[in-house]
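Q: sequence and predicted model, in that order:
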Amino acid sequence: VFVCPESSWTPDTDGKWQLHPFAFDRWDVEEMAYYDGCSLHVGLNPFNVYKVHGNDYLKLLTCCTVNTFRTFPIGKARHVIFCDNGGKVLVDGICIRTGEEDYLAFNLVDPNFLNMQMGNPFKFECENLRENYAVIQLCGIHSLEVVEQVCRQDLHDLRFMYSCKAKIDGKAVRILRTGMAGTLAYEIHTTAADAPYVYQKLLDLDKKYGVQEIGRICYVNQHCEGSIFQLAEHYNIRFEMEGDKFILSGSLPRESELQYHSPYDCGWGNLVRFDHDFMGKEALLAESQRHHNTAVHLIWNKEDILKVQAAVMDPEKRVDYMDMVGDYDFKNNCSTIHMDAVYDGEKLIGASSDRMLSAKTREMISICTIDEDYAVEGKAVEVLWGNPGTCQMRIRAKVTLFPYIKEDRNDNIDIEKIPRPVFD
């Protein structure tokens, strides 16, 4: 089974879609790689990457996002968030400062389009590198060793969310320390032309470092275990064009506002700065000053999960099938968001998404935006399983606080526990 790239909403300029394998191995083999080995993923490509020259770009971002950029050293990567007027997330992505006046923007709104919409007040040069750029993602305890070996360079001092230049057999690359699963992770940024060569160099390290190619379902699940909300996996956005919308599945009422997430719903409230004007500021300021939702994980009750599995085999009931690996729409791909309603008795208190069985902990977990009163470790709630019109069942769950992976996270792991590289 092949699927289109996760980040692609349009075909390439030749009218064709690039396709990637849905899976390379069993789900548990792939998922354990980002703990005990080194997972290898290229399913984002082609990726919308904008190369921008000119510091007016930071002024543009400051006008349009919740962020400020007063401290933004060369090499640093920043999580950037665009919101609508209601304070709900529209787009989020990464911006890397690569030089005094140079930036790379990943999965952010086209800078030229934004500038044009505002009357072109900002002066910068911008190029979309979408079909000429490639991002190779590595995740797991051996990811640093793998990157160091292919680059023939000691990268132990590269800090979380920082990048640096490197070379692989003379081919220029950029290394960024970041990842989706929460464990130690890096990205190798290269040209589309050089990507196959770099990818094969990584595969050649398979036996020594446990390099494992991963497909779509494993990459989707990384976000849940990594406690990272993502558009089209965990929340919806408001489209103004009728008919151009994501499909909502699961038990969450289709009209529920819980399908739309603010930065506070996603646990990103610390990134919101109110010292400048931006779209959604008034709504977010009001939200920050009142009772609001926050982000947690849910651990689903094993006995209730087995009751659902048994009910699926009851011909007198119409209970939705529960895939143990996760809720993935094989037909509509990234166009479907599965969200389940979370209750305390009859009170709707949150929305759960990206349910998965963790290969590491063997717990059924999900990511959830929930009333902040319920963001208490071990708090008991119930998840409603099943689409409207089916035989719905309640599943007990317990709250566990962010992050789900609490030890040896990418942002605080003791890198010195990993041996410094030795090159032949």
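A: Sure, I can see it.
Q: and the strands in the stretch 101-250 of the chain?
A: Assigned by DSSP state E, counting those that start in this stretch, the strands in the stretch 101-250 of the chain fall at 102-106, 125-128, 133-139, 163-168, 171-176, 185-191, 211-213, 247-249.
Q: contact partners for the nearest residue to residue 254 once chain neighbours are set aside?
A: Nearest non-adjacent residue to residue 254, counting by CB to CB, 6 or more residues apart in numbering: residue 248, 5.7 Å away. Glycine gets a C-beta too; all of them are placed from N, C-alpha and C. With contacts defined as CB atoms under 8 Å, 6 or more residues apart in numbering, the neighbours of residue 248 are 236, 254, 259, 336, 337, 339.
Q: just those: which has the poorest pLDDT?
A: Within the contacts of residue 248, residue 336 has the lowest pLDDT, namely 88.
Q: still on that earlier bit, what's the pLDDT at the residue nearest to residue 254?
A: The model reports residue 248 with a pLDDT of 92.
Q: what is it paired to in the beta sheet?
A: residue 337 (DSSP bridges).
Q: now it: how far from residue 339?
A: The gap separating residue 248 from residue 339 is 6 Å, by CB to CB, to the nearest Å.
Q: got a list of what the residue nearest to residue 351 when sequence neighbours are not counted touches?
A: Using CB to CB, 6+ apart and skipping the chain neighbours, the partner closest in space to residue 351 is residue 258 (3.9 Å). Residues near residue 258 by CB under 8 Å, 6+ apart: 252, 293, 339, 341, 348, 350, 351, 369.
Q: list the helices and strands whichever strand or helix holds the fourth one packs on?
A: Using DSSP states H and E, the element containing residue 341 is strand 336-344. Contact partners of strand 336-344 among helices and strands, from 3 or more CB pairs under 8 Å, 6 or more residues apart in numbering; DSSP states H and E: strand 247-249, strand 347-357, strand 364-371, strand 380-385.
Q: can you dump the C-alpha atoms of it in CSV for me?
A: Coordinates of each C-alpha in strand 336-344 appear next as CSV, following Å, rounded to 0.1, in the frame of the first residue of the first chain:
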residue,chain,number,x,y,z
THR,A,336,-9.8,12.3,7.8
ILE,A,337,-9.4,13.3,11.5
HIS,A,338,-10.6,10.8,14.1
MET,A,339,-11.8,12.5,17.3
ASP,A,340,-13.7,10.9,20.2
ALA,A,341,-15.8,12.7,22.8
VAL,A,342,-14.5,12.5,26.4
TYR,A,343,-17.1,12.7,29.2
ASP,A,344,-17.4,13.0,33.0
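Q: what's the angle from it to strand 347-357?
A: Between strand 336-344 and strand 347-357, the angle comes out at 130 degrees (axes from the mean of the first three to the mean of the last three CA atoms, to 10 degrees).
Q: which residues does strand 336-344 contact?
A: 232-236, 246-253, 256, 258-259, 298, 327, 329, 348-355, 366, 368, 370, 374, 381-385, 394, 397.
Q: same thing but at 6 Å, please
A: 232, 236, 246-252, 259, 327, 329, 348-353, 381-384 (CB atoms under 6 Å, 6 or more residues apart in numbering).
Q: quick one on the thing from earlier: how near is the residue nearest to residue 351 to residue 398?
A: The gap separating residue 258 from residue 398 is 20 Å, by CB to CB.
Q: same question, residue 133
A: On the measure of CB to CB, residue 133 and residue 398 end up 42 Å apart.
Q: these two: who's more crowded?
A: residue 133 (21 against 17; other CB atoms under 10 Å).
Q: quick check: pLDDT value at residue 9.
A: For residue 9, the pLDDT comes out at 60.
Q: for the one 4 residues further on, same thing?
A: pLDDT, the model's per-residue confidence, is 78 for residue 13.
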